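K.L.:
attaching a predicted model along with its sequence, questions to come.
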Amino acid sequence: MALIIPLRGTTPKIGNDCFLAENATIIGDVEMGSECSIWFNTVLRGDVNSIRIGNRVNIQDGSVLHTLYQKSTIEIGDDVSIGHNVTLHGCKIHNLALIGMGAVVMDDAEVGEGALVAAGSVVLSRTKIGPNELWGGAPAKFIKMVDPVQSREMNQKIAHNYLMYSKWYDNHDS
């Protein structure tokens, strides 16, 4: 069972049918919707401010989510995929966005609906990534627009695949 730590009078709220890996850590002011998956060695640290996660969000292995005390929060929409070893710090990620492996998204940055952040990118504070834009690099820069239909299909497929993968763990002891 995941480590769920109430802190400063707030207990994390977990939606229906969520998968929490045995060594995931969820602390304080964290609320997530239904059918989310929080993978191995992931930390959602809602100790200094709030983390709000929509439905069918997958936060993959080794990712860390944190905020700035009294300054920034994290908001993640529906059908979002957060790749392995991602750091999100006080940012907003809209529906159907994809954050590639090893990316960093900093305080007050915003990733638009259907947008893609390439693996290894560093999205600096206050950067605004528009809907269906592909950004990459360190620091991240606009690369190109992506087809909204293709982006939606790809991002929904990844989100649904992670929901399927999480079901494999329902009876992993048997």
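P.N.:
Received the coordinates, thanks. Residues are numbered from 1 along each chain as shown.

K.L.:
report the longest strand in this structure, please.
P.N.:
Criterion DSSP state E: the longest strand present in the chain is strand 43-53.

K.L.:
any regions of the protein where pLDDT drops low?
P.N.:
The model of the chain has pLDDT under 70 over residues 171-174.

K.L.:
list the buried residues of stretch 45-57.
P.N.:
Across stretch 45-57, burial judged by 16 or more other Cβ atoms under 10 Å covers Arg45, Gly46, Asp47, Val48, Asn49, Ile51, Arg52, Ile53, Gly54, Asn55, Arg56, Val57. For the C-beta atoms, the positions are set from N, CA and C on the backbone; glycine is no exception.

K.L.:
beta partners for the first one?
P.N.:
Looking back up the chat, that one is Arg45. Ile27 (DSSP bridges).

K.L.:
quick one on the thing from earlier: farthest-apart pair in the buried residues of stretch 45-57, please.
P.N.:
Spatially, the most separated pair among the buried residues of stretch 45-57 is Val48 and Arg56, at 26.7 Å (Cβ to Cβ).

K.L.:
on that earlier part again, contacts for the longest strand of the chain, please.
P.N.:
7-8, 10, 12, 24-33, 36, 38, 59, 63-76, 90 (Cβ atoms under 8 Å, 6 or more residues apart in numbering).

K.L.:
among those, name the buried ones.
P.N.:
Here, 16+ other Cβ under 10 Å leaves 12, 24-30, 32-33, 36, 38, 59, 63-67, 72-74, 76, 90 buried among the contacts of strand 43-53.

K.L.:
hmm, back to that, now the buried residues of stretch 45-57 as JSON lines including distance to Asn155?
P.N.:
Listed next are the buried residues of stretch 45-57 as JSON lines, based on distance: Cβ to Cβ, whole Å:
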{"residue": "Arg45", "distance to Asn155": "25"}
{"residue": "Gly46", "distance to Asn155": "25"}
{"residue": "Asp47", "distance to Asn155": "29"}
{"residue": "Val48", "distance to Asn155": "29"}
{"residue": "Asn49", "distance to Asn155": "26"}
{"residue": "Ile51", "distance to Asn155": "20"}
{"residue": "Arg52", "distance to Asn155": "19"}
{"residue": "Ile53", "distance to Asn155": "15"}
{"residue": "Gly54", "distance to Asn155": "13"}
{"residue": "Asn55", "distance to Asn155": "13"}
{"residue": "Arg56", "distance to Asn155": "10"}
{"residue": "Val57", "distance to Asn155": "11"}
